[in-house]
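1. Mind folding the following:
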Amino acid sequence: MAKFSIVSYLKEVNNEWMHKVSWPTWSELQNSAIVVSVASLLIAIVVYLMDVSFSTILERFYGLF
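-> Now for the predicted structure:
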């Protein structure tokens, strides 16, 4: 059974973070934030329109009875 060492684990984690992970630049982060914001807004608008249309359809349907 391999011996588990927290110190060696933390050293490996630090090594991976510093040398193997590619961190985005500030400009890339800003662009990603804009894309996410616009996509979220569009999805919210679509969901709102679906909600309003289904409410209208159901109100008219129930109004028949």
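
2. Distance check, the spatially most central residue of the chain against Glu16.
-> Ranked by distance to the mean C-alpha position of the chain (C-alpha atoms, centre = their mean), the top residue is Val36 at 7.7 Å. For Val36, the distance to Glu16 equals 26 Å [C-beta to C-beta, to the nearest Å]. Backbone N, C-alpha and C define where each C-beta goes, glycine included.

3. Show me what the longest helix belonging to the chain packs onto, helices and strands only.
-> In the chain, assigned by DSSP state H, the helix with the most residues is helix 26-63. On a contact count with 3 or more C-beta pairs under 8 Å, 6 or more residues apart in numbering; DSSP states H and E, helix 26-63 meets no helix or strand.

4. Could you check how far the residue nearest to the centre of the chain is from Val47?
-> For Val36, the distance to Val47 - C-beta to C-beta - is 16 Å.

5. With Tyr9 instead?
-> Between Tyr9 and Val47 the distance is 43 Å, computed by C-beta to C-beta.

6. Quick check, pLDDT for Ala39.
-> With respect to pLDDT, Ala39 has a value of 98.
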